[in-house]
Every structure is written in C-alpha cells, then in structure tokens.
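Colleague: The sequence isn't on hand, but the structure is:
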C-alpha cells in the first residue's frame, strides 16, 4: 500500500469516527419530529388517562395530522359504546351519552392544545383512525 492510500484511509477513518461521535453527542436531534410529537401526547396526564390514544400520523409544513375515532364519515356513538359498554342501547341525547361525548371532545381539545404548544406546530387536522376500528372488530364503510 503506498503512502497516499494509507493516509487517505487513516483520514477517512478519523472523519468517520468524528461523524459517529457527533451523532451520538446530538442523539436527541436525530429523533424524528413525529416521534417527539407522539411523546408529547403520551406525556400529557389528561390524555394518558383516556382509553383512546391520540397519535400524530404526519407532520408537514407546520400541520399535524392526529388520529381520532370520530370524523365526518363515522358517528361518535359506536366509539363511546366500545370504550364504555354501559352506554350500549342509549340514545344520542341521553345524559350519559352526552356526558361521554363531552369528555371525548374535551380530550380532543386537549390533544389540540398539546400540539399547538409545540413551537413549530401551526395547525391540527384530524384523520379517522381506521386501524382502531379494525382492532375492535367494528366494520367501516369504504373511504
């Protein structure tokens, strides 16, 4: 091996080691932003106590897409009955159903507040959590 190749290999190895060390040193900066947003949701005590786990799916240009079991294509009642079986058979205007709906809305608002507290988040949009319904065995219509 000639001197030039040996020096090039040594310098390349030193640069590689420095690069790896700098990545380890700044490990927190390497965490994807979506993971950081999901951690913020998990750390909120109000959201942690609720049976549904709100999750961030996408973060793009300051807009976070959060999962929700409620959207325009799916009424809220099947979700509420699933997390609280005592609501089964009750009408939508029943006081217990209204109270459960209000609790859900309060948790949705809390999820929005947690996201908007992040400095780079400007807006929140919702996406129906089809995976949650699938896990619960509840059939949904086609998207």
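Modeller: Great, that's in hand. In this text the structure is predicted, and so the values were computed from the model without any measurement.

Colleague: Run through the strands of this structure in chain order.
Modeller: In the chain, the strands defined using DSSP state E lie at 56-60, 63-68, 123-128.

Colleague: Identify, out of these, the most deeply packed stretch.
Modeller: strand 63-68 (a mean of 20; mean count of other Cβ atoms under 10 Å). C-beta here means a position set from N, CA and C on the backbone, and glycine is covered the same way.

Colleague: That strand - which strands sit beside it in the sheet, and in what orientation?
Modeller: Counting by DSSP bridges, the strands paired with strand 63-68 are strand 56-60 (antiparallel), strand 123-128 (parallel).

Colleague: which residues sit in contact with residue 50?
Modeller: Contacts for residue 50 (Cβ atoms under 8 Å, 6 or more residues apart in numbering) come out as 103, 107.

Colleague: what about it, distance to residue 63?
Modeller: Per Cβ to Cβ, to the nearest Å, residue 50 is found 23 Å from residue 63.

Colleague: Likewise for residue 49?
Modeller: According to Cβ to Cβ, residue 49 and residue 63 sit 27 Å apart.

Colleague: Same check on residue 105?
Modeller: 21 Å.

Colleague: now swap in residue 138 and tell me
Modeller: For residue 138, the distance to residue 63 - Cβ to Cβ - is 28 Å.

Colleague: lowest-pLDDT helix or strand in the protein?
Modeller: helix 3-25 (a mean of 83; mean pLDDT, DSSP states H and E).
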